[in-house]
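Asks: show me how the following folds:
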Amino acid sequence: MQGTSGSSEKDCPEWMVTRTLASYLTSGGSKDAGRMAWLFCLEADTVTGGQQLKHLCGFDWARGEVDGGPEESFKDTPEDRGGISPDLFRKSYWTMTPDFRYWTRAGEKQLIIEAKGTEKPVGQRDLVQAKRYFSYFSETRRQGAVVYLAPDPKRWLAWLREDVAGNSSIPFGVVDLKVQIVPAVSSELVTPKICIRNYLAPSDTINWRSQWS
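Replies: This is a model prediction of the structure:
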């Protein structure tokens with residue numbers, strides 16, 4: 001998740017959705033099993049049709065077997081380095097931080113999730129970021145998927161297919177932010193706890209939710 005320079009008034013404040021989704025997926029400071037299962041069952045648009053995230057990335061949520069969460073940066077560990085040298089990893093991927101990242105115990109499979117609030121990609125900023133995700137999978141020889149949460153899945157999917165993925169064999173897809181994410185977390189978007197955490201007044205979140213309904 002990054003800033004929204006170049007966005008329009010119709011764009012969603014993606015940082016708000018990301019933080020609220022992160023809160024939604026936890027209960028009492030730990031991951032909520034039911035909501036984690038919901039996350040992995042979200043359906044993404046792909047070049048071959050709709051697929052649940054668990055099928056796209058090749059693994060499902062299982063406590064004790066899958067780790068990760070919001071803003072989990074890549075660490076200089078054997079699990080994250082995979083098949084590349086420590087020097088190359090530090091130069092190219094160390095501290096790279098997707099909005100959400102989950103991985104199996106040994107790191108052999110990873111799910112990278114990036115939230116975007118704009119109707120379409122924003123120039124080089126989004127392009128460079130996306131290419132790094134695909135490059136990471138290619139160079140480390142890890143399996144998994146790259147998934148975007150975005151308000152216009154068809155436009156973002158076309159961009160991923162035509163401008164980013166190239167000949168990559170890494171599965172990718174786009175989840176409709178307005179249809180699948182916002183309805184699930186909207187009740188939390190207007191609670192005082194979330195509003196205070198995100199430095200917004202309740203009226204701001206209500207106006208934003210109405211704009212997207």
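
Asks: where does the protein have its least confident helix or strand?
Replies: helix 192-197 (a mean of 42; mean pLDDT, DSSP states H and E).

Asks: just the CA coordinates of stretch 74-88, formatted as PDB?
Replies: Extracted in PDB, the C-alpha atoms of stretch 74-88 (Å, rounded to 0.1, in the frame of the first residue of the first chain):
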ATOM      1  CA  PHE A  74      10.600  -9.800   3.600                       C
ATOM      2  CA  LYS A  75      13.200 -10.900   6.100                       C
ATOM      3  CA  ASP A  76      16.800 -12.000   5.500                       C
ATOM      4  CA  THR A  77      16.100 -15.600   6.400                       C
ATOM      5  CA  PRO A  78      16.400 -18.900   4.500                       C
ATOM      6  CA  GLU A  79      12.600 -19.100   4.300                       C
ATOM      7  CA  ASP A  80      12.300 -15.800   2.500                       C
ATOM      8  CA  ARG A  81      15.500 -15.900   0.500                       C
ATOM      9  CA  GLY A  82      14.700 -19.200  -1.200                       C
ATOM     10  CA  GLY A  83      17.000 -20.100  -4.000                       C
ATOM     11  CA  ILE A  84      18.900 -16.800  -4.300                       C
ATOM     12  CA  SER A  85      22.100 -15.500  -2.600                       C
ATOM     13  CA  PRO A  86      21.900 -13.400   0.600                       C
ATOM     14  CA  ASP A  87      23.600 -10.500  -1.300                       C
ATOM     15  CA  LEU A  88      21.100 -10.500  -4.100                       C
END
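
Asks: buried ones in it?
Replies: Neighbour-count burial for stretch 74-88 flags 74, 79, 80, 81, 82, 84 (criterion: 16 or more other CB atoms under 10 Å). Any C-beta I mention is one placed from the backbone N, CA and C, and that applies to glycine too.

Asks: turn those into a markdown table, including pLDDT, distance to residue 157 and secondary structure.
Replies: Listed next are these as a markdown table, based on pLDDT from 0 to 100; distance: CB to CB, whole Å; DSSP: H, G, I helix; E, B strand; the rest coil:
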| residue | pLDDT | distance to residue 157 | secondary structure |
| --- | --- | --- | --- |
| 74 | 93 | 25 | coil |
| 79 | 90 | 29 | helix |
| 80 | 92 | 27 | helix |
| 81 | 91 | 30 | helix |
| 82 | 90 | 26 | coil |
| 84 | 92 | 28 | coil |
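
Asks: closest one of those to residue 141?
Replies: Of all the buried residues of stretch 74-88, residue 82 has the smallest distance to residue 141: 5.6 Å, by CB to CB.

Asks: from residue 108, how far off is the residue lying closest to that closest one once chain neighbours are set aside?
Replies: Spatial nearest neighbour of residue 82, chain neighbours left out: residue 140 (2.9 Å); criterion: CB to CB, 6 or more residues apart in numbering. Separation of residue 140 from residue 108 (CB to CB, to the nearest Å): 10 Å.

Asks: right, I'll leave it there.
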